[in-house]
Each structure stands twice: as structure tokens, then as C-alpha cells.
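J.: sequence first, then the predicted structure:
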Number of protein chains: 4
Amino acid sequence: MEFDSSSPIWLQLVGECSRRIVTGEWPAGSRLPGVRDLGVELGVNPNTVQRAMAELDRQSITVTDRTKGRFVTDDVARIDELRAQVATAHADEFVRRALGLGMTAERAVQLISNRWRAMEGESA
Amino acid sequence: MEFDSSSPIWLQLVGECSRRIVTGEWPAGSRLPGVRDLGVELGVNPNTVQRAMAELDRQSITVTDRTKGRFVTDDVARIDELRAQVATAHADEFVRRALGLGMTAERAVQLISNRWRAMEGESA
Amino acid sequence: MEFDSSSPIWLQLVGECSRRIVTGEWPAGSRLPGVRDLGVELGVNPNTVQRAMAELDRQSITVTDRTKGRFVTDDVARIDELRAQVATAHADEFVRRALGLGMTAERAVQLISNRWRAMEGESA
Amino acid sequence: MEFDSSSPIWLQLVGECSRRIVTGEWPAGSRLPGVRDLGVELGVNPNTVQRAMAELDRQSITVTDRTKGRFVTDDVARIDELRAQVATAHADEFVRRALGLGMTAERAVQLISNRWRAMEGESA
DNA sequence: GTGGTCTAGACCACC
DNA sequence: GTGGTCTAGACCACC
């Protein structure tokens, strides 16, 4: 994974883990890798991973059992909520760029529709 | 500017310059900074800038006068075309992510519509 | 190989490689020498060879496998197209010279016919 | 002017001067530049120029008056003959290349015809 | 091993 | 001054 200098690495890690959870890469209720393993995989210090994990716990996205490890929440409503947040963030990024290009809302919606059909066709 | 290792720096420079042109930051017909100045601004070697500029020239996005410098094309139709390409790339990125989140086309379009109203309100 | 200063070496290399391909010296689908070997053979820097090779790739005259090397396209239609381009360039050079000598089209065509018979006889 | 190492420079100079004479750049009967001036213009030693001039004299393409200088022959028949030699050399080069590309005589003649019309149109 | 990228620095043409 | 080219050499990914 690539990090940029626009925000703290631990915050970027929160985003990356959220992405894995809402895409189902890390399913509800599944066990997360340990902080040391994650640190090695992502090339960051375990302490930095720990700080990101603490934030996920705080947001009830993950829960920690001191003896068994850390797990994705099994509260699917919480995951749905997180997925909505992630989706909104993606939408906001697109809208911000489209506004920068001087597009109208109608044109933006039309473009998304067209590209959706095109990309759905590709993968089908 | 931040570069990642997913693609060559010169290609990322092509993208960055295209962005500046289609957003009007570098207007049609305006003079670009010299390759040496751009190199300093972006923290890369002038030769790498040169390689990106050669690609812009090749795509008729810019034109070069060996002695006066390099200029954004004054062919606004070409810039419109480029803007459409950039918009499509942004749309594709959103669609790809939305598909990864398991969204439907209807939901995606609705989300863009909602966020457009929200962000338009912000900037207004 | 001899280079002149009328055009960049990398462009002259594109021409030389095209010539080898359309004459069958480098057959369709065959592997090209590596950029380092070609550099030694032609007496130029491997980077300059690389620049020429990139242009051949861009024009789909060659295709590159990062680990196996670079190959002449096996698309014979593409090679036929290139051969036609090279032939036109040769014809243009002759016509330009003939015009400079004040020849008429009829005389030029007659001369080519006569010389063709003469040279065909030589090689036969 | 560019020289290559395939033949002696004085011989290449003979060719260059012949070219200037048959194209009318140096008209029949006109005075040639001195060997020192030509040496400077072409970047070669005056002795080398002298050797080329001697060959032109020998072929009766030029005539030398010890006191007035060297002149293009005013024998237009000799210039016509030279022009025919130059034209044949150009034709031979084209034919040799066309044979290398595997063309037929018919195709070669047709190509010259087509390109003649195209280039005549351009300059018209 | 293969090709691809980047840097540093020299040199060139053109004005 | 401007951009364009070339070289030398390091380093990378991929296998």
C-alpha cells in the first residue's frame, strides 16, 4: 500500500482497513491479522498499526478480545453504516472533481450511468 | 506534488498537467513554465519533465516553439476532448469503487445526485 | 551504422529497425536483440536505443514482454502497412530529386522502368 | 553538408557539385566559388576541394582559366549528359530499395506515378 | 537475465 | 534565454 504525506499514516490505515471490511475482503465477525503481521504487510511500524486499530475499536468497527484477538464487528448494521460513509466519501471526491471540470449535475449523472453500463459490460 | 510508485513519474506528470489544463489553471494558449522551472517546482529531474512534455506535444495538448517555449493548445475543441477523457477517467474510478461496494446503478446515481446538491450548497 | 546530424539518432534508429523488419531481415514474430546489445552493435547509448524501441512499441511494430524481450509483431498486416509507408517514403525521395532535375512524370516513370529491367537483369 | 565514411570525401564533393550544376544552382557558364571559400562553406580542407575540382575538370564538367577562375562548362549537352547520369543514379537507388521490399515493376511504376501527382499538387 | 525509469550533466540548435 | 538530445550510470520490477 502507498501512503502520502497529506494525512497521518495511522489515519490512512483506518481508511484501508475500512475499505477491506466494507468490500467484504475482511468479512463481518472474521479475525483480523495481528498488528505485527499487518505492520510487516504494509511496511509500517506495529505501533502505528496499533493506533489505527484503536480507532477502529473506538468506532465499533472492530472489537477486541484480549485473549482471542481482534475481530470485525458482527453487527452488520454497523458495517452497512460504514459502507455508506465510504460510498459518500467516494461520491464526494467524484463530485468535487466534476465541479472542478465545470460539469452540470445532469451531465455528471448521465456520465456515471453510461460508464456504469460500460464497465458492467466489461466484467460480465 | 506527491508521486506514487504505481506508475512512472512522467505519466503522473502528464496527468497533473492535463488536470491543470482542463480545469483552466493553465488556460488555452497560455505559456507553460519551462522544463527546468517545472522540475524544480515538482521536485523531479528536468529530463523527466521533458519526457512528460513530449507526450503532451504528441497528443497535441501542447505545442512547442523551440525558442519561445511551450504553450497550451489554442484549439479549444482539443481541450474539450481532453476534459471529456479526464471526466470519464474520474467516473470510471467512482464506478469501480461503487461496484466494489456492491452498489446498484440506481443507488450510485442517487448518491451522486444527493452529494452534488450537498456540495454545491457548501460552495454557494 | 552511420548517423547524420539532420535528425535525432533515435529517429534514425526507428528507420533502420523498420527497414530491417520490412525487408524480412527481422522476420515477423522474431526476437530483437536486447537494448544493450543493439547499443553496442550500433555504437550508441542503450538509453537512445530504448527511446527508439519505445517508439516502435507505440506504433505496434514491436511488442515487449518485460522479461522475455522485444519481438517483431506477428501481425503481418501491420508489417505490410509499414512496408507501404517505407515504400512511399522512398518514392517521395526519388520524386523530389526528379522534380529538382526538372524531369517530367513520363520521363521519370520511363527511367524507373528501364533501370528496373537493367537491375533485375544484373541480379538474375 | 554531411559526409559519411562509405567513400572518400573528395568523391562526395564531386557528387555535391554535380548536384548543384544539374539542378541549376550553379548555372552553365557561371563562375564557381574559390577552393578556399568552398572549403570553409563545406567544412573541409581546401586541398580536398581541389582534388574534387580536378576531377570535375577532368570530366569536362568545369573548365579552369588560370587567371579568371573555374567555371561550369557552357556545353549544355555535357550538362544534360551529367543530369542523365545523376537521374539514373537516383533511379537505381529507388529500384534497389523497391527490390529489397519485394515490389514488382508494375507496383513501383504505379507508386511513382501516384506520389508524383501528390507531390506536384503539394508544391502547386 | 530482460526491459523500464530516473538522475546528473553535457552539449546542441535556434533566437 | 528556450527546448531537444545524448550519455553514463544507478536502480527497479519481473522471472
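T.: All right, it came through fine.

J.: from the contact counts, what lies against the least confident helix or strand in chain A by mean pLDDT?
T.: When the helices and strands of chain A are scored by mean pLDDT, DSSP states H and E, helix A:35-42 comes last with a mean of 87. If you count contacts as 3 or more Cβ pairs under 8 Å, 6 or more residues apart in numbering or on different chains; DSSP states H and E, helix A:35-42 packs onto helix A:46-58. For every residue, glycine as well, the C-beta is placed using N, CA and C.

J.: what are the buried residues along the helix it packs on?
T.: Neighbour counts over helix A:46-58 (16 or more other Cβ atoms under 10 Å in any protein chain shown) mark A:Thr48, A:Val49, A:Gln50, A:Arg51, A:Ala52, A:Met53, A:Glu55, A:Leu56 as buried.

J.: just the angle between that helix and helix A:35-42, please?
T.: 110 degrees (axes from the mean of the first three to the mean of the last three Cα atoms, to 10 degrees).

J.: please compute how far helix A:46-58 lies from its chain's middle.
T.: Centroid separation for helix A:46-58 versus its chain: 14 Å, with Cα atoms, centre = their mean, to the nearest Å.

J.: if we can go back for a sec, C-alpha coordinates for the least confident helix or strand of chain A, CSV please?
T.: This file holds the C-alpha atoms of helix A:35-42, laid out as CSV (Å, rounded to 0.1, in the frame of the first residue of the first chain):
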residue,chain,number,x,y,z
VAL,A,35,-0.6,-5.8,14.5
ARG,A,36,2.9,-7.2,13.9
ASP,A,37,1.8,-9.1,10.7
LEU,A,38,-0.1,-6.1,9.4
GLY,A,39,2.9,-3.9,10.1
VAL,A,40,5.1,-6.2,8.0
GLU,A,41,2.5,-6.5,5.2
LEU,A,42,2.0,-2.7,5.0
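
J.: do the longest helix seen in chain A and chain B meet?
T.: For chain A, the helix with the greatest residue count under DSSP state H is helix A:76-100. Yes. Using Cβ under 8 Å from any Cβ of the partner chain, helix A:76-100 reaches chain B at A:83, A:86-88, A:90-100.

J.: and these, which two are furthest apart?
T.: Largest separation among the residues of helix A:76-100 next to chain B by Cβ to Cβ: A:Arg83 and A:Gly100, giving 26.2 Å.

J.: these two: who's more crowded?
T.: More crowded of A:Arg83 and A:Gly100, by other Cβ atoms under 10 Å in any protein chain shown: A:Arg83, with 20 against 15.

J.: tell me which residue is most central in chain A.
T.: A:Arg19 (2.3 Å; Cα atoms, centre = their mean).

J.: point out the residues in chain A that sit beside chain B.
T.: A:2, A:4-6, A:22-24, A:83, A:86-88, A:90-103, A:105, A:108-109, A:111-117, A:119-120, A:123.

J.: report the buried members of those residues.
T.: Counted by 16+ other Cβ under 10 Å, those give A:22-23, A:83, A:86-87, A:90-92, A:94-95, A:97-99, A:101, A:103, A:105, A:108-109, A:111-113, A:115-116, A:119 as buried.

J.: circling back: name the residues that touch the least confident helix or strand of chain A?
T.: The contact list for helix A:35-42 (Cβ atoms under 8 Å, 6 or more residues apart in numbering or on different chains) reads A:Met1, A:Leu13, A:Glu16, A:Leu32, A:Pro33, A:Asn45, A:Pro46, A:Thr48, A:Val49, A:Gln50, A:Met53.

J.: could you rerun that using 6 Å?
T.: For helix A:35-42, the external contacting residues (Cβ atoms under 6 Å, 6 or more residues apart in numbering or on different chains) are A:Met1, A:Pro46, A:Val49, A:Gln50.

J.: name the nearest residue to the closest residue to DNA strand E within chain A, ignoring sequence neighbours.
T.: Closest to DNA strand E within chain A is A:Glu2: 13.8 Å, counting by Cβ to the nearest atom of the strand. Using Cβ to Cβ, 6 or more residues apart in numbering or on different chains and skipping the chain neighbours, the partner closest in space to A:Glu2 is B:Asp4 (4.4 Å).

J.: repeat that for A:Arg20.
T.: A:Trp26 (4.5 Å).

J.: and that neighbour, helix, strand or coil?
T.: Following DSSP: H, G, I helix; E, B strand; the rest coil, A:Trp26 is assigned to coil.

J.: thinking again about what came up before, need the buried residues of helix A:46-58 in TSV with distance to D:Val63 and pLDDT, can you?
T.: Shown next, in TSV, are those (distance: Cβ to Cβ, whole Å; pLDDT from 0 to 100):
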residue	distance to D:Val63	pLDDT
A:Thr48	91	92
A:Val49	93	93
A:Gln50	98	95
A:Arg51	96	95
A:Ala52	94	95
A:Met53	98	96
A:Glu55	97	96
A:Leu56	98	96
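
J.: and which of those residues is nearest to chain D?
T.: Relative to chain D, the closest of the buried residues of helix A:46-58 is A:Thr48; by Cβ to the nearest Cβ it sits at 62.4 Å.

J.: quick check: the gap between A:Gly39 and A:Ala52.
T.: 10 Å (Cβ to Cβ, to the nearest Å).

J.: pLDDT weak spots in chain A?
T.: A:123-124 (pLDDT under 70).

J.: again, only this time at 90
T.: A:1-7, A:37-45, A:119-124 (pLDDT under 90).

J.: check which helix or strand covers whichever residue of it sits closest to chain C.
T.: Closest to chain C within chain A is A:Glu2: 21.1 Å, counting by Cβ to the nearest Cβ. For A:Glu2, there is no helix or strand it lies in under DSSP states H and E.

J.: quick one: contacts of stretch A:49-56?
T.: A:Trp10, A:Leu13, A:Val14, A:Cys17, A:Val35, A:Leu38, A:Gly39, A:Thr62.

J.: ok, back up a step: got the contact list for the longest helix of chain A?
T.: By Cβ under 6 Å, 6+ apart, helix A:76-100 touches A:18, A:22, A:28, A:60-61, A:108, B:23, B:90, B:94, B:97, B:101, B:111-112, B:115-116, B:119.
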